[in-house]
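J.: Provide a 3D model corresponding to the input given below.
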Amino acid sequence: MLLHITQTGSNATGLGYLLHKNPANLHEVKLPFGKATVFYPAATDDRCTACLLLEIDPVELVRGARQLEAYVNDRPYVASSYMTVAIGRVFGTALAGNCARRPELVHCKLPLQLTVEVVRTRGGEEVLHRLFQPLGYHVEARRLPLDNKFPEWGESPYFRLTLTAEITVHNALTHLYVLLPVLDDEKHYYIGEAEVDKLLRHGEGWLKQHPEQRMIVSRYLQRRGALTTQAFEQLLEEETASVEAAESKTEKAAQQERELERPMTLHTQRLNTVAARLKELGARSVLDLGCGEGKLLRRLLADRTFERIVGMDVSHRSLQIASARLRLDRMPERQRKRIELMQGSLLYRDQRLSGFDAAALVEVIEHLDVPRLAALERVLFEFARPRHILITTPNREYNVLFPTLPEGRMRHGDHRFEWTRAEFAAWATATATRFAYDVKLEPVGPLTKRTVRHRRWPCSHCGRNRTNEDHRNP
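T.: You can find the predicted model right below:
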């Protein structure tokens with residue numbers, strides 16, 4: 001099995017420093033199951049290629065086995081957990097993100113091309129794209145034939161995989177280290193609790209946001225129920241901790257947003273509008289995703305039309321506040337059976353979210369980083385798939401009507417973006433089309449013209465500065 005790592009551009013030979021392997025030398029490392037060799041077929045200022053050749057000793061591989069299938073297999077040829085062991089042994093320093101000679105290169109994104117000559121992919125080419133594209137790679141996969149003379153044998157599960165991206169060497173190696181065994185869906189060694197720590201360590205910084213996180217964790221841990229549960233719990237705890245740490249900083253911002261919008265009562269109007277629309281749609285079971293302190297839940301509980309109400313939030317603290325404000329501990333049993341609070345993330349596939357008539361996200365999506373919206377879209381529209389989804393988000397064009405909001409600032413300190421009406425419409429239409437939903441857009445709040453004195457802003461349509469404009473749909 002063979003791995004190529006190629007850097008192009010100026011000072012390409014810096015790759016040798018990052019990998020801790022001199023391009024002028026041949027590097028060999030003995031392994032329990034064979035031999036790993038690193039060599040450089042090209043090493044110039046504008047192009048440098050390092051190759052990791054792993055030769056498996058087939059006798060050592062099956063020593064002690066008595067079954068014929070132990071001797072006839074694809075293990076010596078397919079990049080698998082054997083390759084990840086070799087990467088850990090040969091490129092261990094680079095995998096850890098260290099470079100004593102050129103430390104400034106460690107965090108540099110370099111134009112890299114990674115080629116794995118043979119990978120076995122359970123799920124076909126689609127899985128290759130689903131795993132690597134969210135990490136920023138351009139993916140090329142060429143299917144390798146089983147045998148051209150015998151087409152009746154069917155398609156081969158083997159591919160030549162080429163990944164291209166501007167990325168750090170450290171990140172590229174961690175991606176391969178975790179995802180090669182996921183593609184192969186097998187491991188040659190014992191899977192224990194140490195594998196959970198290894199997965200989370202090498203997945204730090206990207207696994208939590210990956211839309212295929214569930215598949216990665218399950219396959220990497222070989223579907224060991226207790227271990228996968230442990231991994232998911234730790235990932236959720238990390239996200240919860242980061243959210244709760246940020247909450248103390250955003251509480252003041254949230255209060256400022258409420259004070260900012262108080263004259264227009266936009267927050268109340270949003271909640272009332274969403275509750276009314278849910279009733280008009282005939283929804284009996286409703287998910288309030290990112291339920292916070294339970295303001296929408298309280299409105300839904302007051303209407304017996306809603307038979308099952310579930311509020312979910314990643315913050316345990318917010319759920320405690322919601323429980324106290326809804327007085328769940330003193331609620332009559334019949335009423336209590338209608339509502340449930342649960343902790344969870346909108347970015348992870350969750351079976352508990354399936355089977356609902358409707359889901360509501362009231363002022364939630366703007367608190368997510370834009371790259372994480374892809375995970376939310378799949379979790380909500382593809383996997384949970386309620387019949388109706390109601391989403392509200394602030395209109396950036398309306399911000400000029402708030403006299404106390406400085407120009408260029410967002411309404412809330414934790415907002416990662418605030419879309420214009422056109423941007424929101426484009427996202428909603430594209431997402432609905434992708435997942436076979438119909439889309440309807442409507443405003444929340446006053447639709448009248450408002451006057452803003454002593455302030456000027458560029459019109460979003462013509463680009464000219466205006467002092468009064470029709471800014472609808474707050």
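
J.: mind checking pLDDT for Tyr77?
T.: Tyr77 carries a pLDDT score of 78 in this model.

J.: which SS class is the nearest residue to it once chain neighbours are set aside?
T.: Nearest residue to Tyr77 in three dimensions, chain neighbours excluded: Val118, at 5.6 Å (C-beta to C-beta, 6 or more residues apart in numbering). In short, each C-beta sits where N, CA and C put it, glycine included. What DSSP: H, G, I helix; E, B strand; the rest coil gives for Val118 is strand.

J.: Cys108 against Ile167, yeah?
T.: No: Cys108 is beyond contact range of Ile167, at 9.8 Å (criterion: C-beta atoms under 8 Å).

J.: Show me the helices in the stretch 51-200 of the chain, by range?
T.: Along the stretch 51-200 of the chain, the stretches classed as helices by DSSP state H, counting those that start in this stretch are 58-61, 68-71, 81-90, 92-95, 125-132, 169-184, 193-202.

J.: So which elements touch the fourth one?
T.: If I follow you right, that is helix 92-95. helix 169-184 (3 or more C-beta pairs under 8 Å, 6 or more residues apart in numbering; DSSP states H and E).

J.: how about the CA coordinates for the helix it packs on, as PDB?
T.: Extracted in PDB, the C-alpha atoms of helix 169-184 (Å, rounded to 0.1, in the frame of the first residue of the first chain):
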ATOM      1  CA  VAL A 169       0.200  18.800   7.200                       C
ATOM      2  CA  HIS A 170      -0.900  18.000  10.800                       C
ATOM      3  CA  ASN A 171      -4.600  18.200   9.900                       C
ATOM      4  CA  ALA A 172      -4.100  16.200   6.800                       C
ATOM      5  CA  LEU A 173      -2.400  13.400   8.700                       C
ATOM      6  CA  THR A 174      -5.100  13.300  11.400                       C
ATOM      7  CA  HIS A 175      -7.800  13.100   8.800                       C
ATOM      8  CA  LEU A 176      -6.100  10.100   7.200                       C
ATOM      9  CA  TYR A 177      -5.400   8.500  10.600                       C
ATOM     10  CA  VAL A 178      -9.000   8.500  11.600                       C
ATOM     11  CA  LEU A 179     -10.800   8.100   8.300                       C
ATOM     12  CA  LEU A 180      -8.800   5.300   6.600                       C
ATOM     13  CA  PRO A 181     -10.100   2.700   9.100                       C
ATOM     14  CA  VAL A 182     -13.600   4.200   8.700                       C
ATOM     15  CA  LEU A 183     -13.500   3.600   5.000                       C
ATOM     16  CA  ASP A 184     -12.100   0.100   5.400                       C
END
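
J.: on contacts alone, who are the packing partners of that helix?
T.: strand 2-8, helix 14-19, helix 81-90, helix 92-95, strand 110-120, helix 125-132, helix 193-202, helix 213-220.

J.: which ones are touching the residue nearest to Tyr77?
T.: 1, 77-79, 144, 158-160 (C-beta atoms under 8 Å, 6 or more residues apart in numbering).

J.: Neighbour count for Cys108 and Ile167, which is higher?
T.: The neighbour comparison of Cys108 against Ile167 (other C-beta atoms under 10 Å) goes to Ile167, with 20 against 14.

J.: Specify the beta-bridge partners of that one.
T.: With DSSP bridges as the criterion, Ile167 is bridged to Leu110.

J.: hang on, it packs against Lys109?
T.: Yes: counting by C-beta under 8 Å, Ile167 touches Lys109, with 5.6 Å between them.
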